[in-house]
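*Asks:* Got a sequence here, can you model it:
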Amino acid sequence: MTSVNAEPPYPERAMVIAAHPDDIEFVVAGTVARWVKAGTQVTYVLVTRGDVGSHQPGMTREKLACIREAEQRAAARVVGVDEVVFLNYHDGEVEPTLALRRDLVREIRRFRPDVVICFDPTPLFIGDDYINHPDHRAVGLAALDAVAPAAAMPLAFAELRAEGLEPHRVKEVWVTSSAEAGAWVDITDTIELKIEALRQHASQFPDGWDPADMLRRWAAESGAKAGVPYAEDYRRMILVREEGG
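*Replies:* Next comes the predicted model:
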């Protein structure tokens, strides 16, 4: 990470929470690949299986969900992630409900990450040609609400304690796709892994389009702010400071 502060230690455990298969690969897979190489245990939590995102004639929701789940698992393997959890909400129908918050708290308490990466829920318009997907906004908000304060509160979702899942306090939240980004991860050594991971989502590129140039361009724009060839940027929220930190 390049910032006014020294680069923080890599987390022992991290969780990435996203709405759909391919969201992670478009935006944060370079960071994940770097952390995994350093020994971080990373878990992906996908709220949906992407069962709507196709214009292919004759496609069904169940068939598409199976395709996209397989693609997501393949993409995770490219960057060294073995643990991929699907919550099986329907694509395009996600809302930041208490039920979703509870489901995310369950995974946070189960895997006990030091750092959670999630998407900024606040942007509605991104540039002049993209309206932010409602699932992205809903999942980003639900993830933040699950982290703070629910996952750490002993009396919140008491049924989870009955499952043996004790409260857990996440130390940091890294919010991606944020206009308030002030921290960068140097992904120069992992940009090719990020590209290869996104290529696993072949069903999203039926015309054979290759995302490599776009990903390099985005990473170079972030890298220019950080003083490195390629980077991913975040709003880094430090919720628990180490003693003396």
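*Asks:* The worst-scoring helix or strand of the chain on mean pLDDT pairs with which strands?
*Replies:* Least confident helix or strand of the chain, by mean pLDDT, DSSP states H and E, is strand 130-131 with a mean of 87. Within its sheet, and counting by DSSP bridges, strand 130-131 is paired with strand 125-126 (antiparallel).
*Asks:* how far does the least confident helix or strand of the chain sit from the chain's center?
*Replies:* Relative to its chain's centre, strand 130-131 lies at 19 Å (Cα atoms, centre = their mean, to the nearest Å).
*Asks:* Stretch 169-176 now?
*Replies:* Relative to its chain's centre, stretch 169-176 lies at 11 Å (Cα atoms, centre = their mean).
*Asks:* What residues sit buried inside it?
*Replies:* If you call a residue buried by 16 or more other Cβ atoms under 10 Å, then stretch 169-176 has these buried ones: Val170, Lys171, Glu172, Val173, Trp174, Val175, Thr176. Bear in mind the C-beta positions are built from the backbone N, C-alpha and C, glycine included.
*Asks:* Could you pick out the longest helix of this structure?
*Replies:* The longest helix of the chain (DSSP state H) is helix 61-78.
*Asks:* Output the helix or strand just after it as CSV - backbone C-alpha positions only.
*Replies:* Next helix or strand after helix 61-78 toward the C-terminus (DSSP states H and E): strand 83-89. Provided in CSV are the C-alpha atoms of strand 83-89 (Å, rounded to 0.1, in the frame of the first residue of the first chain):
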residue,chain,number,x,y,z
GLU,A,83,-13.0,-20.7,0.3
VAL,A,84,-15.9,-19.3,-1.7
VAL,A,85,-19.3,-19.0,0.0
PHE,A,86,-22.6,-18.3,-1.9
LEU,A,87,-25.5,-17.0,0.0
ASN,A,88,-27.9,-17.8,-2.9
TYR,A,89,-29.9,-14.6,-3.0
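*Asks:* Could you list every helix and strand in contact with whichever helix or strand comes after strand 83-89?
*Replies:* Where DSSP H and E defines the elements, the next helix or strand beyond strand 83-89 is helix 98-111. Applying 3 or more Cβ pairs under 8 Å, 6 or more residues apart in numbering; DSSP states H and E, one finds that helix 98-111 contacts strand 13-18, strand 41-48, strand 83-89, helix 134-147, helix 158-162.
*Asks:* Let me have the ones you listed in TSV, extended by mean neighbour count.
*Replies:* As requested, those are exported to TSV (neighbours: other Cβ atoms under 10 Å):
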stretch	mean neighbour count
strand 13-18	26
strand 41-48	25
strand 83-89	17
helix 134-147	23
helix 158-162	12
